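Student: sharing a model that was predicted from the sequence below.
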Amino acid sequence: MPFLYRAIGLGFLACCLLALALKLFIPLPAPLGYAPVDLGLGPRVAPVEVVIWYSTEKQAWLEEAARRFEARGQTVGVRPITLRLVGLGSRDIAERVARQDWSVAPRPVVVSPASSLWTDTLASEWAARKRSQIIAGEAKPLVLTPLVAVVWEQRARLLWPDSATAFWNDLHDAIADERGWSAVAEARGFGPDTPEGKEAQRWGPVKLGHTSPLTSNSGTQTLVLMAYAFHNKTAGLTVADVEDPAFLKWLEEMEVGVYDLGSSTGTLMQQIVQRGPGSYDIVIVYENLAIEYMATGEQRWNQPLRVYYPPATMFSDHPYAILDEPLTSREEREAALRFRDFLLQRPQQELAMQAGFRPIDPDVVMSGADPANPFVRYASRGVSLDIAAQVESPPAEVLAALLNAWDRRIRPLKPAPTS
């Protein structure tokens, strides 16, 4: 019997020594690799960090989705997945990755600009420089959002008393007239001595806001919409169209009313809400930002904001592009794919809708009578599920010519972009 006791004791001791050796030298997959009390022994398992460069207007949605994802404790093999989100301008994302410029942020595993326009630009620039592909697989859209105008309602009803069918021309004529809102009031039949005329005099010039087209997707889209509107078409924009002297003169007259170009669409929307009607009368931003800040603007300034859709607009599809080797490792790409699939699941798509985005998932119903649905809640402020028309995305050479024309003719007249 004593022999049996000794054998059991020695066996137990051997098991303990084996367990200690495993702890010291072999990382085990979660949850086996963790214990209620961590003695600090054994090799540390380095996480797989997925750095995501994303366009800032989807910050609130992505941050909450990332928090939910990390709470699940997902791993690649034995390595836990961590996420690091870096907000940048869409064009800046494409250009920095093409140059492999990591000076402002760590090397990304994923890029998610506002529009596929910029992942396409990145892919073509990388192919020209490296003669290889930069994006692993397909860059899948995450959500949709159109470009809209956000206007203080009093001004909107003076500028567009009936409808905004001549949206861009009305805006151009109002900005180009040095008398500003006084001229708009006069054109609507309100003399300088009427209450409306006196109010318009206090408003001063017509102040438009959009981001820099050299750094921000919404600024680029704004230029594209202006070019299409001037030429009265929705497709087939050409290099000759954007270099037309008559268009450039019209554009210059429009841009006189643009104050303080910003590099971030999210920041621009924050500014109109924080600074009030004295800063901007109208800003061109994404629909989701208009929805996100609608209530805040009204509460802060005791007057509502209103959404207007240009007669033809552009959608941003927020692609999720996983970068290929040699920039990323197999484990990084696998971890990035896990997060992408998570974002496309219905709960995260519903979360995106609550943030003002239009879900990619067709099973997420946007219509109905649910007051929690922002598309229902702000319908009286102009938010609409129906989009009348969209313009065609111009070819790369047309877009380059448009941006070059703006850079050459308009940018020198402007202050430096702010963040």
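Tutor: Happy to help now that I have it.

Student: okay, CA-based contacts and neighbour counts for the rest of this
Tutor: Fine.

Student: A46 and A396: what is the separation?
Tutor: 41 Å (C-alpha to C-alpha, to the nearest Å).

Student: cool, and L159?
Tutor: Note on L159: its distance to A396, by C-alpha to C-alpha, is 35 Å.

Student: and E199, by the same measure?
Tutor: Counting by C-alpha to C-alpha - E199 and A396 are separated by 45 Å.

Student: who's in contact with the residue lying closest to P394 once chain neighbours are set aside?
Tutor: Distances taken as C-alpha to C-alpha, 6 or more residues apart in numbering put L237 closest to P394, at 6.1 Å, once the chain neighbours are dropped. Residues in contact with L237 (C-alpha atoms under 8 Å, 6 or more residues apart in numbering) are A227, Y228, P394, V398.

Student: strands of the stretch 251-400 of the chain, residue ranges please.
Tutor: Taking DSSP state E, counting those that start in this stretch as the test, the strands found in the stretch 251-400 of the chain are 282-286, 305-308, 315-316, 319-322, 358-359.

Student: for S218, find the nearest of those.
Tutor: strand 282-286 (6.4 Å; C-alpha to C-alpha).

Student: mind listing the strands that closest one pairs with, and their directions?
Tutor: strand 143-152 (antiparallel), strand 208-209 (parallel) (DSSP bridges).

Student: picking that back up, out of E199 and A396, which sits in the more crowded spot?
Tutor: The neighbour comparison of E199 against A396 (other C-alpha atoms under 10 Å) goes to E199, with 17 against 13.

Student: ok so, going back, most neighbours, which of the contacts of L237?
Tutor: Among the contacts of L237, A227 has the most neighbours (other C-alpha under 10 Å), with 24 neighbours.

Student: chain center to the helix or strand that R129 is a member of, what's the gap?
Tutor: Using DSSP states H and E, R129 maps to helix 116-130. Chain-centre distance of helix 116-130: 19 Å, with C-alpha atoms, centre = their mean, to the nearest Å.

Student: what's downstream of it, the next helix or strand?
Tutor: Under the assignment DSSP H and E, the closest C-terminal helix or strand after helix 116-130 is strand 140-141.

Student: mind giving me the packing neighbours of that following strand?
Tutor: strand 319-322 (3 or more C-alpha pairs under 8 Å, 6 or more residues apart in numbering; DSSP states H and E).

Student: re earlier: quick one: which of the strands paired with strand 282-286 is nearest E331?
Tutor: strand 143-152 (25.6 Å).

Student: for the record, mean pLDDT for that closest one?
Tutor: What strand 143-152 shows for mean pLDDT is 96.

Student: same check, this time on stretch 297-314
Tutor: Mean pLDDT, stretch 297-314: 93.

Student: ok, stretch 197-204 next?
Tutor: What stretch 197-204 shows for mean pLDDT is 95.

Student: next, the buried residues of it.
Tutor: Neighbour counts over stretch 197-204 (16 or more other C-alpha atoms under 10 Å) mark G197, K198, E199, A200, Q201, W203 as buried.

Student: same question for stretch 203-212.
Tutor: Buried-residue list, stretch 203-212, by 16+ other C-alpha under 10 Å: W203, P205, V206, K207, L208, G209, H210, T211, S212.

Student: of the residues you listed, which belong to helices?
Tutor: The members of the buried residues of stretch 203-212 that map onto helices under DSSP state H are W203.

Student: which of the buried residues of stretch 203-212 sits closest to E252?
Tutor: Among the buried residues of stretch 203-212, L208 lies closest to E252 (C-alpha to C-alpha), at 13.1 Å.

Student: list the residues that contact the closest one.
Tutor: Per C-alpha under 8 Å, 6+ apart, neighbours of L208: G257, V258, Y259, Y280, D281, I282, V283, I284.

Student: what is the burial count for the fourth one?
Tutor: Taking other C-alpha under 10 Å as the criterion, the count of residues near Y280 is 26.
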